[in-house]
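Student: Sequence and predicted structure are below.
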Amino acid sequence: MKYVILRDDDTNALTPIDYLDRLYRPFLERGLPVNLATIPNVNTEATHCDGGLELFLMAKTGTTPKTLPIGCNEKLVDYLRSNPCYNIVQHGCRHEFVQGGPEFAHTNRCDIERRLKEGTEFLLDAGFRKPTAFVAPYDQLSRISFQEVSKRFRVLSTGWFELNRLPHSWWPQYVMKKLSRKPHWQVGNTTLLTHPGCHLSYHRRYDTMFDDIKKSLDSRRLTVLVTHWWEYFRDNQADEKFISILHETADYLSKRKDLRVISFDDLTRHNIELN
């Protein structure tokens, strides 16, 4: 059996419900889990590395406060909680730049601890279960962030690992992972997952996107498919071709008998072979 985890990043208090439902209704109707990496207390002035406002803030208005906890959007929270196939993953804390870089790429342990704790508290205050999985903004973590995340979460999903950013005590396991060419590995009680890049992205070629997804599924025991809801609605306009590829993916995943779509939580509940 092969496994796939669908990870959608950047759900926050400003995310339009109809956008999420338009994208994931075919998944929900088929009983396929959708893992939403959710920003607990989004910084509504957050900018990308190019200085422009983050596109997941497209619903911001002139009166929007600087930070918005996910729980302040009661309609969105009710929608997410009423659809059990949505699984909430902690995506940083505010999704902002700190000390010139992503909020978990620096080395201030006190700040990292505070952000991890506050992020979880905002999700709990909104009525969600305590998250078991963590996704760092931009998939970037410092050595100290790796240490602190592993103390609090059973699963860390990121794009890649670099030796010089890992805790020194992790180096032997990392070397073994590299030598065995395994994409996923384990440190203590924490499962460390990589992904093969964002196949579901408007930056990719639409004519080869679906085939690239199938190749990734075929080449791995467990594949994490990463996408971002706001990419399908740039400038608040639906990208119909891109959306159709996502829905084609849902249909394909539901029909393939040797493949099971799971949540990050399933990794903590069941003895699933990673590689």
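Tutor: Structure's in. What do you need? Residues are numbered from 1 along each chain as shown.

Student: quick one, helices of the stretch 51-200 of the chain?
Tutor: Along the stretch 51-200 of the chain, counting by DSSP state H, counting those that start in this stretch, helices occupy 74-82, 109-125, 143-152, 171-180.

Student: Export these to CSV and append columns for mean neighbour count, mean pLDDT and distance to Val4.
Tutor: Where you see a C-beta, it was placed from the backbone N, CA and C, and this is true even at glycine. Output for those, formatted as CSV (neighbours: other Cβ atoms under 10 Å; pLDDT from 0 to 100; distance: least, Cβ to Cβ, whole Å):
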stretch, mean neighbour count, mean pLDDT, distance to Val4
helix 74-82, 15, 98, 21
helix 109-125, 17, 98, 24
helix 143-152, 19, 98, 23
helix 171-180, 12, 94, 21
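
Student: Ok, which of the ones you listed comes nearest Lys241?
Tutor: Proximity to Lys241 (Cβ to Cβ) singles out helix 74-82 among these, at 25.9 Å.

Student: Tell me which other helices or strands that closest one touches.
Tutor: Where contact means 3 or more Cβ pairs under 8 Å, 6 or more residues apart in numbering; DSSP states H and E, helix 74-82 is packed against helix 17-29.

Student: got the angle between the helix it packs on and helix 74-82?
Tutor: Orientation check (axes from the mean of the first three to the mean of the last three Cα atoms, to 10 degrees): helix 17-29 against helix 74-82 gives 0 degrees.

Student: Ok, which of the helices of the stretch 51-200 of the chain comes nearest Phe242?
Tutor: Among the helices of the stretch 51-200 of the chain, helix 74-82 comes nearest to Phe242, with 22.3 Å by Cβ to Cβ.

Student: JSON lines for the helices of the stretch 51-200 of the chain, including distance to Leu55?
Tutor: Formatted as JSON lines, the helices of the stretch 51-200 of the chain follow (distance: least, Cβ to Cβ, whole Å):
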{"stretch": "helix 74-82", "distance to Leu55": "18"}
{"stretch": "helix 109-125", "distance to Leu55": "21"}
{"stretch": "helix 143-152", "distance to Leu55": "24"}
{"stretch": "helix 171-180", "distance to Leu55": "33"}
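
Student: Can you say which of the ones you listed is nearest to Asp251?
Tutor: helix 74-82 (23.1 Å).

Student: Phe161: which of the helices of the stretch 51-200 of the chain is closest?
Tutor: Among these, helix 171-180 comes nearest to Phe161, with 6.4 Å by Cβ to Cβ.
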